[in-house]
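Student: All I have is the shape, not the residue letters:
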């Protein structure tokens with residue numbers, strides 16, 4: 001059954017987007033292959049029946065947590081807290097346990113539970129605990145390869161609500177954000193944990209956001225959102241390339257949203273009750289200027305983030321899920337019924353998982369949106385904060401102790 005959420009011409013409701021990259025069916029890290037909430041998968045269902053797509057698997061007994069599942073090959077990995085310990089669980093595609101690896105004492109502050117999503121690269125699983133212990137595990141059996149406490153090593157302090165950053169792995173480097181006196185950002189050797197470089201302290205503290213890697217002006221850079229604002233550093237040595245600290249609210253002393261990049265523009269929102277800022281990057285010698293082009297006062301969600309498609313941001317507008325032109329900040333439309341949601345995009349559809357457990361399949365473009373499927377997960381309720389994952393025609397939705405797996409592939 002289709003429910004129209006905004007009256008627009010039918011032709012304008014057809015989404016003509018194409019995938020931004022070519023890739024396989026894996027979802028190996030937070031927000032997918034490129035950390036932007038975009039999947040290259042095709043042949044997915046164009047709509048859902050009443051009650052939603054078929055649920056094919058439920059993973060239970062994970063303990064409390066808000067981290068997302070990741071999928072690599074025939075392995076599903078997710079973290080949870082059991083008996084006061086942060087545990088990495090590894091399952092096969094049929095839900096059988098392959099291994100479990102205890103990692104650290106659990107974070108026990110406000111909203112206790114697993115936070116960071118594992119990152120899988122080159123046969124290893126990289127996990128950052130809520131207390132700041134960064135660990136590398138072997139994917140095959142869960143054996144520990146190395147571990148480093150990033151706050152002890154770099155002189156920082158955990159954010160108020162514990163560490164939620166999901167580390168970025170690129171070029172054999174594990175990038176993390178301790179926000180310490182001996183390193184605002186740091187790169188560790190992915191094989192050994194040896195420190196390769198640090199960024200000067202910048203008088204910055206760690207937030208909850210996860211870094212992304214982008215290329216602009218002929219060079220690559222690591223971009224992340226810290227306590228005071230956005231920063232960009234060189235991936236080869238951690239040298240500061242630019243920073244922008246205006247426009248973010250600091251009510252809870254952390255910022256949560258992963259930045260979004262498109263065509264020289266970087267947008268990030270603090271989440272909770274913080275606003276958002278979009279800057280335009282311009283090369284200036286061996287650095288960049290970051291000019292603020294617009295700001296957003298209304299907060300979108302706690303953690304849901306945004307997906308960019310063809311120069312438009314799709315996510316929370318502050319009064320519903322909607323569309324914002326990235327270059328101008330102009331709101332195109334909003335749909336209050338979807339409300340706050342974590343979003344991914346695949347095969348010309350948006351998959352929106354609301355903070356209360358409602359899941360929507362949405363056709364959307366700059367001119368409007370149409371809900372073409374909707375259901376609620378079995379224990380729908382508040383704090384459904386984990387981002388969804390999509391791999392090999394399956395949608396993974398986590399809420400606290402469970403991961404629900406749905407077949408969203410097209411049926412012949």
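Tutor: Here it is on my side, so go on. All values reported here derive from a predicted model rather than from experimental measurement.
Student: can you confirm residue 210 is in a helix?
Tutor: No: when the secondary structure is assigned by DSSP: H, G, I helix; E, B strand; the rest coil, residue 210 falls in coil instead of a helix.
Student: From residue 146, how far out is it?
Tutor: Taking CB to CB, to the nearest Å as the criterion, residue 210 is separated from residue 146 by 21 Å. The C-beta positions use only the backbone N, C-alpha and C, and glycine is treated the same way.
Student: same deal with residue 378?
Tutor: When CB to CB is applied, the distance between residue 378 and residue 146 equals 39 Å.
Student: more crowded one of these two?
Tutor: Using other CB atoms under 10 Å, the more surrounded residue of residue 378 and residue 146 is residue 146, with 17 against 11.
Student: Can you give me the domain assignment for the protein?
Tutor: Taking automatic domain parsing as the domain assignment, the record places the domains of the chain at 1-61+341-412, 67-206.
Student: and those, which one is worst for confidence?
Tutor: Of all the domains of the chain, mean pLDDT reaches its minimum on domain 1-61+341-412 (a mean of 84).
Student: for the stretch 201-350 of the chain, which spans come out with low pLDDT?
Tutor: Across the stretch 201-350 of the chain, the ranges flagged by pLDDT under 70 are 249-254, 272-273, 299-302.
Student: so where do the strands sit in it?
Tutor: Ranges of strands in the stretch 201-350 of the chain, per DSSP state E, counting those that start in this stretch, are 212-216, 219-225, 230-233, 240-244, 260-262, 265-271, 274-284, 287-296, 306-309, 312-316, 321-325, 331-335, 341-346, 349-354.
Student: Partner strands of the longest one and their direction?
Tutor: When sheet partners are counted by DSSP bridges, strand 274-284 sits next to strand 265-271 (antiparallel), strand 287-296 (antiparallel).
Student: One more: the last one?
Tutor: Based on DSSP bridges, the strands next to strand 349-354 in the sheet, each with its direction, are strand 341-346 (antiparallel), strand 358-365 (antiparallel).
Student: Out of these, flag the one nearest residue 122.
Tutor: Comparison of the strands paired with strand 349-354 against residue 122 by CB to CB identifies strand 341-346 as nearest, at 24.1 Å.
Student: between that closest one and strand 321-325, how many degrees?
Tutor: In terms of direction (axes from the mean of the first three to the mean of the last three CA atoms, to 10 degrees), strand 341-346 departs from strand 321-325 by 70 degrees.
Student: what does strand 341-346 rub up against?
Tutor: Contact with strand 341-346 is made by 17, 31-32, 37-41, 44, 301, 303-307, 309, 314-316, 321, 350-355, 360, 385-390, as judged by CB atoms under 8 Å, 6 or more residues apart in numbering.
Student: hang on, the earlier thing: the domains of the chain: which one's closest to residue 218?
Tutor: When the domains of the chain are ranked by distance to residue 218, counting by CB to CB, first place goes to domain 67-206 at 17.3 Å.
Student: Could you give the separation of that closest one from the chain centroid?
Tutor: Domain 67-206 has its average C-alpha position 14 Å from the chain's average C-alpha position, going by CA atoms, centre = their mean, to the nearest Å.
Student: got it, and stretch 292-306?
Tutor: Centroid separation for stretch 292-306 versus its chain: 14 Å, with CA atoms, centre = their mean.
Student: First-to-last residue distance for that stretch?
Tutor: 19 Å (CA to CA, to the nearest Å).
Student: Could you do stretch 191-199 as well?
Tutor: Terminal residues of stretch 191-199 are spaced 21 Å apart (CA to CA).
Student: And the contacts of it?
Tutor: Contacting residues not belonging to stretch 191-199 are listed as 134, 136, 145-148, 153-154, 172-174, 182-189, 231, 233, 236-240 [CB under 8 Å, 6+ apart].
Student: how does it look with 7 Å?
Tutor: 136, 146-148, 154, 173, 182-189, 233, 237-238, 240 (CB atoms under 7 Å, 6 or more residues apart in numbering).
Student: that older thread, okay, the strands paired with strand 274-284, which one's buried deepest?
Tutor: Each of the strands paired with strand 274-284 was scored by mean neighbour count; the highest is strand 265-271, a mean of 27, by mean count of other CB atoms under 10 Å.
Student: what's next to it, contact-wise?
Tutor: For strand 265-271, contacts defined as CB under 7 Å, 6+ apart pick out 223, 225, 230, 248-249, 255-257, 259-260, 275-281, 296, 299-303, 306, 313, 326-327.
Student: any idea of the angle that strand forms with strand 240-244?
Tutor: Regarding strand 265-271 and strand 240-244, their directions subtend 60 degrees when assessed with the same axes, to 10 degrees.
Student: Can you lay out the domains of the chain as a markdown table showing distance to residue 270?
Tutor: Rendered in a markdown table, the data for the domains of the chain read as follows (distance: least, CB to CB, whole Å):
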| stretch | distance to residue 270 |
| --- | --- |
| domain 1-61+341-412 | 15 |
| domain 67-206 | 12 |
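Student: Looking at those domains, which is nearest to residue 287?
Tutor: Among these, the nearest to residue 287 by CB to CB is domain 67-206 (13.5 Å).
Student: follow-up on the earlier one: any chance of the strands of the stretch 201-350 of the chain in JSON lines, with distance to residue 371 too?
Tutor: JSON lines is the format used below for the strands of the stretch 201-350 of the chain (distance: least, CB to CB, whole Å):
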{"stretch": "strand 212-216", "distance to residue 371": "29"}
{"stretch": "strand 219-225", "distance to residue 371": "30"}
{"stretch": "strand 230-233", "distance to residue 371": "33"}
{"stretch": "strand 240-244", "distance to residue 371": "36"}
{"stretch": "strand 260-262", "distance to residue 371": "23"}
{"stretch": "strand 265-271", "distance to residue 371": "24"}
{"stretch": "strand 274-284", "distance to residue 371": "25"}
{"stretch": "strand 287-296", "distance to residue 371": "24"}
{"stretch": "strand 306-309", "distance to residue 371": "16"}
{"stretch": "strand 312-316", "distance to residue 371": "14"}
{"stretch": "strand 321-325", "distance to residue 371": "10"}
{"stretch": "strand 331-335", "distance to residue 371": "8"}
{"stretch": "strand 341-346", "distance to residue 371": "12"}
{"stretch": "strand 349-354", "distance to residue 371": "9"}
